[in-house]
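after the sequence you'll find the predicted model.
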Amino acid sequence: MIITVASGKGGTGKTTIATNLAWTLAQKRESEQESPIWLIDCDVEAPNAALFIHPIFEIEKKVERQLPIIQQDLCTGCGVCVDVCEYNALAIARGKTLFFKDLCHACGSCVLNCPENAIQESPEMIGLLQQGNRGALKFAQGILEIGFSSPTPIIRDLKKWIIPDKPQHESTYILDASPGTACPVVESLRDADFALLVTEPTPFGLHDLKLVAELIFKEFQIPSGIVINKSGRGDEIIEQFASEMKIPILMRVPLSRDIAEAYARGDLLVDAFPQYWDQFIDLYKKISEITGERQPKQ
């Protein structure tokens, strides 16, 4: 099962929920000698799940993309490459073809369509993938190279690297998506079995929860559930929306100075407050019931 943990905005506690859910399930699976749990940090622009998991990285893999190189001596300035580029990464100025790297999606259309064969491709590193573990928990993350603006290819390669085309029924992959509703979140939600939406009971939290919920209903039609972090005062605005949209509220984490201090220290919630252990196990059971997956052993 693939569970993508998402939020419409940053600061809601999305990584807190993802890391604690993965860590709790990993310990339970290990004691029962079941299939491993994977935590995959897909927030490749600012990956921070490792700050809480402290994995030992064993494997690294470069992510490269093929960028066009214009051979100006062969280029006639015909503009075919400009016409086929859907991302406006090419332009003609004074008879010369100009290339804008930050707009390029490395689709290769310009190379295939150039009538003069004046465009070649050259690999350039755009990011790094890392794989490791902490105890029973398997961990992977992507890191976008500084200076590149498109994280989506890193996320795509990270998922292909870790998740097989046909995941085993017992396997569980928890993806920590980036905040928002842009292309990186779309890629993190692609092929997911369940979307776990983390929000806070504020007007801003509600506004962005609506955006990510709309994305899931319109583009993916997968089941989802809500976790209210910093729960307490103001929960009713989230409850009303959840009722209207028929999205179940699966868990609440209260607004607490002690929890905030544990987070600031880099402590896992279930380590600092063991009473949350059963709550995260129960969260997974609820997700399993909604998706129809096999229930964990009692």
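Noted; the coordinates are in hand. Nothing here was measured: the structure is a model prediction, and the numbers come from that model.

mind listing the strands for the protein?
In chain order, the chain shows strands spanning 2-6, 37-41, 56-70, 90-93, 96-99, 119-134, 137-144, 172-176, 194-199, 224-231, 249-254, with DSSP state E as the criterion.

strand partners (parallel or antiparallel) of the first one?
Under the criterion DSSP bridges, strand 2-6 sits next to strand 172-176 (parallel), strand 194-199 (parallel) in its sheet.

same question for the third one.
Strand pairing for strand 56-70, determined by DSSP bridges: strand 119-134 (antiparallel).

before we move on, back to that, can you lay out the strands paired with strand 2-6 as TSV showing distance to residue 241 and mean pLDDT?
In short, each C-beta sits where N, CA and C put it, glycine included. TSV is the format used below for the strands paired with strand 2-6 (distance: least, CB to CB, whole Å; pLDDT from 0 to 100):
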stretch	distance to residue 241	mean pLDDT
strand 172-176	23	96
strand 194-199	9	97
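
quick one: closest of the strands of the chain to residue 274.
Residue 274 lies closest to strand 249-254 among the strands of the chain, at 14.5 Å (CB to CB).

quick test: name the residue nearest the centre of the protein.
Centroid-nearest residue in the chain: residue 177, 2.5 Å away (criterion: CA atoms, centre = their mean).

dump the residue contacts of it.
Counting by CB atoms under 8 Å, 6 or more residues apart in numbering, residue 177 touches 4-7, 14, 42-43, 184-185, 188-189.

and residue 217, by the same measure?
If a contact means CB under 8 Å, 6+ apart, then residue 217 has residue 245 as its contacts.

quick one: contacts for the residue nearest to residue 106 when sequence neighbours are not counted?
Excluding the flanking residues, the one nearest residue 106 by CB to CB, 6 or more residues apart in numbering is residue 65, at 4.0 Å. Under the criterion of CB under 8 Å, 6+ apart, the neighbours of residue 65 are 104, 106, 123-124, 126, 153.

could you dump the strands paired with strand 2-6 to a markdown table with distance to residue 79?
Below are the strands paired with strand 2-6 laid out as a markdown table (distance: least, CB to CB, whole Å):
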| stretch | distance to residue 79 |
| --- | --- |
| strand 172-176 | 41 |
| strand 194-199 | 43 |
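
quick check: which of those strands is nearest to residue 148?
strand 172-176 (20.4 Å).

give me the low-pLDDT residue ranges for the stretch 1-150 of the chain?
For the stretch 1-150 of the chain, the stretches flagged by pLDDT under 70 are 30-34.

count the residues that sit near residue 207.
Number of residues near residue 207 (other CB atoms under 10 Å) recorded here: 12.

test my guess that it contacts residue 8.
Yes: between residue 207 and residue 8 there is a contact under CB atoms under 8 Å: 7.3 Å.

tilt between the longest helix anywhere in the chain and strand 172-176?
Under DSSP state H, the helix in the chain containing the largest number of residues is helix 14-31. For helix 14-31 against strand 172-176, the angle by axes from the mean of the first three to the mean of the last three CA atoms, to 10 degrees is 160 degrees.

relative to strand 249-254, how tilted is helix 14-31?
Going by the same axes, to 10 degrees, helix 14-31 makes 110 degrees with strand 249-254.

begin at 445 from now on, thanks
Got it, first residue is 445 now, which makes that one helix 458-475.

now helix 458-475 against strand 668-675, angle please.
Per the same axes, to 10 degrees, the angle that helix 458-475 makes with strand 668-675 is 110 degrees.

in helix 458-475, what counts as buried?
Using 16 or more other CB atoms under 10 Å as the test for burial, helix 458-475 gives 458-473.
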